[in-house]
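**Q** Using only what follows, build the 3D model:
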Amino acid sequence: MSNAKNSQSVRGWYAVKTAYRTLGRWKAPPGKRALPGRVSEVQERVVLIRARSWGEAADRALAEAQRYASKLQGSKGGPRWGKARAIDACAVYALETEPGGGTVVFSLSDYQKREVPLREILSSKFNGYRIQCTTPLSLLRKL
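**A** Predicted coordinates for the structure are as follows:
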């Protein structure tokens, strides 16, 4: 068997970032002020995929993204929410080791032709928070 054929049969781990947009109208909880008009929620997710190639990882992640988007339809509290749509794009990162504690699961560099102020990075990449923690909605419902 040739090395090329052997390398195609080896399955590796890939982290794949996908994005979603959900449109809706904000329904404020009792005692809270509602936002006017339509709002958009943009969500990014990174999923671990076991695949033989970058292309297979992308295909599997995009299929999973469509299934996830269909589950988002009308599922959230607060604003709600009509059409959820998976954006037909992804970023694939090949893991260098098996997933485990301390494993880098995603890394993406963005190059600018200028010196970017730290406040701008904090605002654009972390919604202005120095530490940003997110929890799956299903876990929040249990709290």
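
**Q** List the buried residues of whichever helix or strand D59 is part of.
**A** Take DSSP states H and E as the rule and D59 turns out to sit in helix 54-72. Across helix 54-72, burial judged by 16 or more other Cβ atoms under 10 Å covers 56-58, 60-62, 64-65, 68-69, 72. C-beta here means a position set from N, CA and C on the backbone, and glycine is covered the same way.

**Q** from the residues you listed, which has minimum pLDDT?
**A** Among the buried residues of helix 54-72, L72 carries the lowest pLDDT, at 74.

**Q** and that one, how far is that from D59?
**A** Using Cβ to Cβ, to the nearest Å, L72 is found at 21 Å from D59.

**Q** picking that back up, C-terminal to the helix holding D59, which secondary structure element comes first?
**A** As assigned by DSSP H and E, the chain's next helix or strand after helix 54-72 is strand 80-94.

**Q** Could you give the average pLDDT over that following strand?
**A** The model assigns strand 80-94 a mean pLDDT of 82.

**Q** So which residues make contact with it?
**A** Strand 80-94 has contacts (Cβ atoms under 8 Å, 6 or more residues apart in numbering) with 12-25, 27, 41, 54, 57-58, 61-62, 65-66, 68-70, 72-75, 105-108.

**Q** partners of the host helix or strand of V47, with directions?
**A** Assigning secondary structure by DSSP H and E places V47 in strand 38-51. As defined by DSSP bridges, the strand partners of strand 38-51 come to strand 12-25 (antiparallel).

**Q** Buried residues of the partner strand, list them for me.
**A** 12-20, 22, 24.
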